[in-house]
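[1] 3D model of this:
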Amino acid sequence: MQNNSEESELVFGHHSVVELLKSPTANQRVNKVLVQKDLTSEHVREVVKIAKRDRLIVQEVPKSKLDLISDGGTHQGVAAYVAPYQYVELDEIFKSAEKKGTDPFILILDKIEDPHNLGSIMRTADAVGVDGIIIPKHRSTGLTAVVAKTSTGAIEHVPVVRVTNLVNTINDLKKRNVWIFGTAMEGKNYRQWNAKGAIALVIGNEGKGVSPLVQKQVDETLSIPMVGHVQSLNASVATGVMLYQAFASRNE
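    Predicted structure coming up:
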């Protein structure tokens, strides 16, 4: 297994590292665990206990090292180098739903560029039971260390599919009887959304929204009514609003 940080992603912060170490693939993906030298907090003790239980490499380093590699982030005295995050095939999303005995609940992100937005979205997706997220390979953030940190561990639980062509993937979903919903300024009020059954929700780019080619593929368009001066929401906030409406509809 590679121990070179150039061939790894860095995960830091107590909650993110603990979720990483508890994941089923930790032994295959974790290259090295770093803990702050001479720091005996409960956070550090928990990380060391799990890492040593699973016979992972644990290295004590000075706080200045953790400050440097985390770029001044809140590391809480712990970090880990991991192999790059793995994407899954589309079938894995359907298998996830089948295991739970539910209809597929899918999120499609059309060129989300900010890794903080993706991390926050993953956090909400995990909370409401989304079976998987689909992102495009190009002009979109992937699964990075920043995404992992912002997701506070959700990255370990929400499968992500990375595809070359979103339009083709949406057509594939339709063949599997998935109903596609899109977001736009004009559309049905999201509070009237019946999200039962096999569904996919498309969220657009932070500035441009859903691209025209993808918008043409949606079966129904939804909107979030706003009465303020700013007629748009942050992508992760808008996604949170929509996902919780879907969650409420699916669990009536």
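[2] Quick check, Ala235 in contact with Asp114.
    Yes - the criterion here is C-beta atoms under 8 Å, and Ala235 meets it with Asp114 at 7.4 Å. All C-beta spots, glycine's among them, are computed from the backbone N, C-alpha and C.
[3] joint contacts of these two?
    Residues touching both Ala235 and Asp114 (C-beta atoms under 8 Å, 6 or more residues apart in numbering) are Glu206.
[4] Tell me which stretches of the stretch 151-252 of the chain form helices.
    For the stretch 151-252 of the chain, the helices defined by DSSP state H, counting those that start in this stretch occupy 166-175, 212-215, 235-250.
[5] Pipe the ones you listed into JSON lines and attach mean neighbour count, distance to Phe94 and mean pLDDT per row.
    Putting those into JSON lines (neighbours: other C-beta atoms under 10 Å; distance: least, C-beta to C-beta, whole Å; pLDDT from 0 to 100) gives the following:
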{"stretch": "helix 166-175", "mean neighbour count": "16", "distance to Phe94": "10", "mean pLDDT": "95"}
{"stretch": "helix 212-215", "mean neighbour count": "14", "distance to Phe94": "21", "mean pLDDT": "91"}
{"stretch": "helix 235-250", "mean neighbour count": "19", "distance to Phe94": "16", "mean pLDDT": "92"}
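[6] Reformat these as a markdown table; add distance to Leu10.
    Output for the helices of the stretch 151-252 of the chain, formatted as a markdown table (distance: least, C-beta to C-beta, whole Å):
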| stretch | distance to Leu10 |
| --- | --- |
| helix 166-175 | 29 |
| helix 212-215 | 33 |
| helix 235-250 | 22 |
